[in-house]
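> model this:
(chains A and B)
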Number of protein chains: 2
Amino acid sequence: MLGGSAVHFSLAASFFDVVHVVGPVGDDFGEDEYAVLRARGVETDDIEHVEGGKTFFWRGEYGWDLNERTTLDTQLNVFAEFEPKLSDASRAADVLFLANIQPDLQRRVREQCADARFVALDSMNLWIETARDSLIETIGSVDCLMLNDGELRQLTLEPNFVRAARQVRGWGPRVVIAKQGQYGAAMITDEGFFALPAFPLETIADPTGAGDCFAGGFMGYVAAHPDAELDHELLSSAMAYGTALASFNVEEFGVERVARLTSEEIAERVSELRRMTHFIEKPIALRG
Amino acid sequence: MLGGSAVHFSLAASFFDVVHVVGPVGDDFGEDEYAVLRARGVETDDIEHVEGGKTFFWRGEYGWDLNERTTLDTQLNVFAEFEPKLSDASRAADVLFLANIQPDLQRRVREQCADARFVALDSMNLWIETARDSLIETIGSVDCLMLNDGELRQLTLEPNFVRAARQVRGWGPRVVIAKQGQYGAAMITDEGFFALPAFPLETIADPTGAGDCFAGGFMGYVAAHPDAELDHELLSSAMAYGTALASFNVEEFGVERVARLTSEEIAERVSELRRMTHFIEKPIALRG
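Numbers count the residues shown, from 1 in each chain, chains lettered A, B, ... in the order given. Below is the predicted model of the structure:
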């Protein structure tokens, strides 16, 4: 089914700003697939169609509690030979998300967007295992690293998020986000720590793409505030929008739910999330 | 070293109200151990000294990321023959916490505190495996079940917290709390969901007792509000105090840190926790 980091991200971010998606597809990516993106106003000019090629393919399996994922098949296909050539419109991006792919490729995209004021990067265990040095070099060129919790531990060899974030910040990024699946997401910036639980759902149909939708909501929120300072407060609100978008995505398989999402539903979920994490500090006389 | 659910709980709760601790100890529980409790004003009259006995003993091992715990040795010792006989002062308890022990024993304590307006219970995998029916019966007599995340899944056979909480609420309790270790804690009441991350720490010396200190802070906060309605709002604030107390406990081994804690430190940590979970909903024009 239709999926992939770029697709999930683009649909989620499309609620906030115009998204220019960059990447190669094969003959199996046809009008129906383009239509899903265009219906949400996503700019597809930088999607490169490789004649006779096959689109990137991933197949995996989730464990009983959905927090463990096993990859059954990864086919890079058209990505194996891809050389990113960005249009002027994409090169002028203010906010750039380097979705999960080989880190050399991510870097070649990064270099073409020299003026972006906020760049984030996602990756995965495959690249940590096979291209660690290149990945760390690419991480050094971005403002924000977003990784799954377990992959952040694998990359830094640090089980503790505070220490892992310190290590990553030493490589360059000033913002580190750990995606924690059903537990939510945590962030460390120059100004400190912020965390939100995942939105509670009774049924999770398919966790695939949740991290990309989180990134889409997060980066979209940043892009929607071109004049705001990119401080802890702004990024904390962005975490809430990311959490909301991710929660919709997992309600159904593939991109179904996000493709028909409305602004009102997003705003309502963010409000609910605020209520679910808000507590009152009542004065209390403690017995010191 | 000194530890155990009742000890960790009592010290944490002692910041909020007078705690009457009930349970048996052996000859190895001497003046030094009593002194730690009494220094925090804990009432020890209902601690039963078993001549020639040995205090309950637990020894375990934590995995690399501290979220997995393996029990190496559990000796019930004096608990094997314990028959709880509560003093009038303990029977008059307004708020009762049934710390983790054999569920028949928990029920015999519960029955002696007929007038308690809020009763919570903790348990563990040992009782889920060896005394499941008795545990479910005891759960049916309390207002709030607090379990580790993994144990809640083991008890309900439900990986999803919303569904697990629904099942438990069907047995009697109106409040269900999942303790999620480094990820924090989540709660479901009649009024909905609430969650907080664990307080971020760079060094965790010893996670043992964190759950009991969480319970102590949570129940202590409830006990400190005898005239307040026991609603979602009050219990959400209680979650913050529980989270704060648990975070201090893990900073050092045993009870060291909580034994010398101050009210000011607790208040400051609750404020920090509020800042770390607070986000602003800025008006934003979404592209529906």
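> pLDDT on the host helix or strand of residue A:89, on average?
Residue A:89 belongs to helix A:88-91 when elements are defined using DSSP states H and E. Averaging pLDDT along helix A:88-91 yields 96.
> Sort out which residues of it are buried, please.
A:90-91 (16 or more other Cβ atoms under 10 Å in any protein chain shown). Every C-beta, even on glycine, is put in place using the N, C-alpha and C of the backbone.
> Equivalent analysis for stretch A:269-277, please.
Within stretch A:269-277, the residues scored as buried using 16+ other Cβ under 10 Å are A:269-270, A:272-274, A:276-277.
> Now do the same for residue A:65: its pLDDT.
75.
> What secondary structure category should be reported for it?
The assignment at residue A:65 comes out as coil when based on DSSP: H, G, I helix; E, B strand; the rest coil.
> Dihedrals phi and psi, the closest residue to it other than its chain neighbours?
Counting by Cβ to Cβ, 6 or more residues apart in numbering or on different chains, residue B:159 is the residue found nearest to residue A:65 once chain neighbours are left out, at 3.8 Å. Dihedral pair for residue B:159: phi -70, psi -20, per degrees, to the nearest 10.
> Contact partners for the residue nearest to residue A:185 when sequence neighbours are not counted?
Spatial nearest neighbour of residue A:185, excluding adjacent residues (Cβ to Cβ, 6+ apart): residue A:179 at 5.2 Å. Counting by Cβ atoms under 8 Å, 6 or more residues apart in numbering or on different chains, residue A:179 touches A:146-149, A:185, A:210-211, A:214.
> Residue A:103 now?
A:123, A:127, A:131, A:134-135, A:137-138.
> so which of the residues you listed comes closest to chain B?
Nearest to chain B, judged by Cβ to the nearest Cβ, of the contacts of residue A:103 is residue A:123 at 19.7 Å.
> rewinding a little: quick one: distance of the helix holding residue A:89 to the chain centre.
Offset of helix A:88-91 from its chain centre (Cα atoms, centre = their mean, to the nearest Å): 21 Å.
> Please apply the same query to stretch A:197-213.
Using Cα atoms, centre = their mean, the offset of stretch A:197-213 from its chain centre is 13 Å.
> Correct me if wrong: residue A:118 contacts residue A:228.
No. Judged on Cβ atoms under 8 Å, residue A:118 makes no contact with residue A:228 at a distance of 10.8 Å.
> who's more crowded, those two?
Counting neighbours by other Cβ atoms under 10 Å in any protein chain shown for residue A:118 and for residue A:228 shows that residue A:118 has the greater number, 20 against 13.
> residues contacting the more buried one?
A:94-96, A:143-144, A:219, A:222, A:230.
> Restricted to helices, list those residues.
Within the contacts of residue A:118, residues falling in helices by DSSP state H are A:219, A:222.
> out of the contacts of residue A:118, what pair is the most spread apart?
A:94 and A:144 (14.3 Å; Cβ to Cβ).
> So between those two, which is more surrounded?
residue A:144 (26 against 13).
> Hmm, residue A:119 and the more buried one touching each other?
Yes. If you go by Cβ under 8 Å, residue A:144 and residue A:119 touch, sitting 7.2 Å apart.
> Does whichever strand or helix holds residue A:35 pack against any helices or strands, and if so which?
Applying DSSP H and E as the criterion places residue A:35 in helix A:31-39. In this structure, helix A:31-39 packs against helix A:5-13, with contacts taken as 3 or more Cβ pairs under 8 Å, 6 or more residues apart in numbering or on different chains; DSSP states H and E.
> For the helix or strand containing residue A:267, which outside residues touch it?
Using DSSP H and E, residue A:267 falls within helix A:263-275. With Cβ under 8 Å, 6+ apart as the test, helix A:263-275 has contacts from A:15, A:196, A:199, A:217, A:240-241, A:243-245, A:247-248, B:192, B:279, B:281, B:286-288.
> Now list the buried members of the residues you listed.
Here, 16+ other Cβ under 10 Å leaves A:15, A:196, A:199, A:217, A:240-241, A:243-245, A:247-248, B:279, B:286 buried among the contacts of helix A:263-275.
> Need those residues in TSV (columns: distance to residue B:258 and secondary structure).
Listed next are those as TSV, based on distance: Cβ to Cβ, whole Å; DSSP: H, G, I helix; E, B strand; the rest coil:
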residue	distance to residue B:258	secondary structure
A:15	46	coil
A:196	28	strand
A:199	33	coil
A:217	39	helix
A:240	33	helix
A:241	38	helix
A:243	32	helix
A:244	37	helix
A:245	40	helix
A:247	36	helix
A:248	41	helix
B:279	30	coil
B:286	46	coil
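> Tell me how far the nearest residue to residue A:230 once chain neighbours are set aside lies from residue B:285.
Nearest non-adjacent residue to residue A:230, counting by Cβ to Cβ, 6+ apart: residue A:118, 5.7 Å away. Distance, residue A:118 to residue B:285, using Cβ to Cβ, to the nearest Å: 20 Å.
> gap between residue A:37 and chain B?
14 Å (Cβ to the nearest Cβ, to the nearest Å).
> Equivalent analysis for residue A:262, please.
Using Cβ to the nearest Cβ, residue A:262 is found at 5 Å from chain B.
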